[in-house]
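Trainee: structure for this input, please:
(3 chains)
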Amino acid sequence: MSSNPIVEVILRIPRGKVATYGQVARLAGYANGARLVVWTLSTQRKRHDLPWYRIVNVRGGISLPRGDGYELQKAMLTAEGVAFGAGDRIDLSRFQWQPGEEA
DNA sequence: AACCTGACTTCGG
DNA sequence: TCCGAAGCCAGGT
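Mentor: Numbers count the residues shown, from 1 in each chain, chains lettered A, B, ... in the order given. Next comes the predicted model:
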């Protein structure tokens, strides 16, 4: 359980799919809380076992700094079947999580 | 209470 | 498509 709606949403992102910061915020009830998701990931990650690597920016790219998580996140996603194209960008039309599309 | 910060997003040029 | 500016939320100082 978690009293945090954002944490709940993050835990629902299925394997092999990704969600954007803004998308997670929206699903949690915050229309403009992208930065709140950032805060949640950096803090709540220590208290919950969150699939933090499934969160990417709206361009389908990784926001972590190279040399400090960037490579790890890319490796985690690649291991789940998420493909990276030119510019290390993910095709969101193919890998973005669509809540309710299937089980 | 004001100000700063962070793995962001949107808009205009 | 890329860049800069403004807007957002909560916690920490």
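
Trainee: ok, now how distant is the most centrally placed residue in chain A from DNA strand B?
Mentor: When C-alpha atoms, centre = their mean is applied to chain A, the residue found nearest the centroid is A:Ile55 (1.3 Å). Computed as C-beta to the nearest atom of the strand, to the nearest Å, the A:Ile55 to DNA strand B distance reads 5 Å. Placement of C-beta: from N, CA and C, glycine included.

Trainee: equivalent analysis for A:Arg12, please.
Mentor: 16 Å.

Trainee: could you do A:Gly61 as well?
Mentor: Distance of A:Gly61 to DNA strand B, given as C-beta to the nearest atom of the strand: 8 Å.

Trainee: that residue - how many residues pack around it?
Mentor: As a burial measure, A:Gly61 scores 15 neighbours (other C-beta atoms under 10 Å).

Trainee: what's the closest non-adjacent residue to it?
Mentor: A:Arg89 (5.1 Å; C-beta to C-beta, 6 or more residues apart in numbering).

Trainee: ditto for A:Val82
Mentor: In space, and not counting its chain neighbours, A:Val82 is closest to A:Phe95: 5.1 Å by C-beta to C-beta, 6+ apart.

Trainee: then A:Leu92?
Mentor: Counting by C-beta to C-beta, 6+ apart, the residue nearest A:Leu92 is A:Gly60, at 4.7 Å.

Trainee: and that neighbour, its phi and psi?
Mentor: The phi and psi values for A:Gly60, taken as degrees, to the nearest 10, are phi 80, psi 20.

Trainee: that one reaches A:Arg94, doesn't it?
Mentor: No: applying C-beta atoms under 8 Å as the test, A:Gly60 and A:Arg94 come out as separate, 9.6 Å apart.

Trainee: surely A:Ser93 is in a strand?
Mentor: No: counting by DSSP: H, G, I helix; E, B strand; the rest coil, A:Ser93 is located in no strand; its state is helix.

Trainee: counting neighbours, what do you get for it?
Mentor: 7.

Trainee: and for A:Pro65?
Mentor: For A:Pro65, the count of nearby residues is 8 (other C-beta under 10 Å).
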